[in-house]
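# prediction below, plus the sequence it came from.
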Amino acid sequence: MFDDALTIAFALLAVAAALAVARVIFAESIPDRMLALDLLVVVALIAIAGDATRRDSDVFLDVLVVISLVGFLATVSVARFIERRGSR
Amino acid sequence: MTDLVSSALLLLGTALTLLSAIGLHRYRDVFARTHPAGKAAPLGATLVAIAVSLQLADPAATLKLAVALLLLLLTFPTGLHMVVRAAYRSGTELNADVEVDELADAVRASDDDPDGTADAPG
């Protein structure tokens, strides 16, 4: 029951990731791209969590902590960059 | 029974993330796009984390998920806020059909006297 829900979830995630990547390509300013990239961080996080249930092991759940912090680091550095150079 | 609940939560969380991805295209300017990206995505991650911890039913996994989720919920909105604030401060103009920009005068007031020594105007 959970496994086919997982398959559907992965399909939905694929569509969400494709939309986010499309957003990154066709964005008109840097903050737009940063929003889409942060969304990709969440999509990756959900995909790894879902995959952990299929593997039935909690080895990969440590990666989630790393991903969320590295995503935050990227966001903060881009914010600093925008503040100095303008968001065009 | 828990399979049903965790499947439902998983699908709901993933659907929320998909909605926030759609929301990124749907809204017209950066400031409106912050709503879906900043709120729906972490909520989707929360629901999926609950579903996965129900499914794995292993205290170590639940603890790892809780820590990852807590960090995400603390840092994700903060990061987004910083980016969009920097965008506003560096002059991204708002969308055409936005009439009221209350932040503009607040920013101007804070630029005039940064530590707020002058008494409030009017």
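Nice, I can see it.
# in chain B, which spans are strands?
Assigned by DSSP state E, the strands in chain B number zero.
# where does it have its least confident helix or strand?
Lowest by mean pLDDT, DSSP states H and E among the helices and strands of chain B is helix B:102-112, with a mean of 74.
# just the C-alpha atoms of it, please, in PDB.
What follows is helix B:102-112, C-alpha atoms only, in PDB (Å, rounded to 0.1, in the frame of the first residue of the first chain):
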ATOM      1  CA  GLU B 102       3.900  50.400   3.000                       C
ATOM      2  CA  LEU B 103       7.400  49.100   3.300                       C
ATOM      3  CA  ALA B 104       8.800  51.900   1.100                       C
ATOM      4  CA  ASP B 105       8.200  54.600   3.700                       C
ATOM      5  CA  ALA B 106       9.400  52.400   6.600                       C
ATOM      6  CA  VAL B 107      12.600  51.800   4.700                       C
ATOM      7  CA  ARG B 108      13.000  55.500   4.000                       C
ATOM      8  CA  ALA B 109      12.400  56.300   7.600                       C
ATOM      9  CA  SER B 110      14.900  53.800   8.800                       C
ATOM     10  CA  ASP B 111      17.400  55.000   6.200                       C
ATOM     11  CA  ASP B 112      17.000  58.600   7.400                       C
END
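# whichever helix or strand residue A:52 is part of close to chain B?
Applying DSSP states H and E as the criterion places residue A:52 in helix A:30-55. Yes - counting by CB under 8 Å from any CB of the partner chain, chain B has neighbours in helix A:30-55: A:30-32, A:34-36, A:38-39, A:41-43, A:45-46, A:49-50, A:52-53. Any C-beta I mention is one placed from the backbone N, CA and C, and that applies to glycine too.
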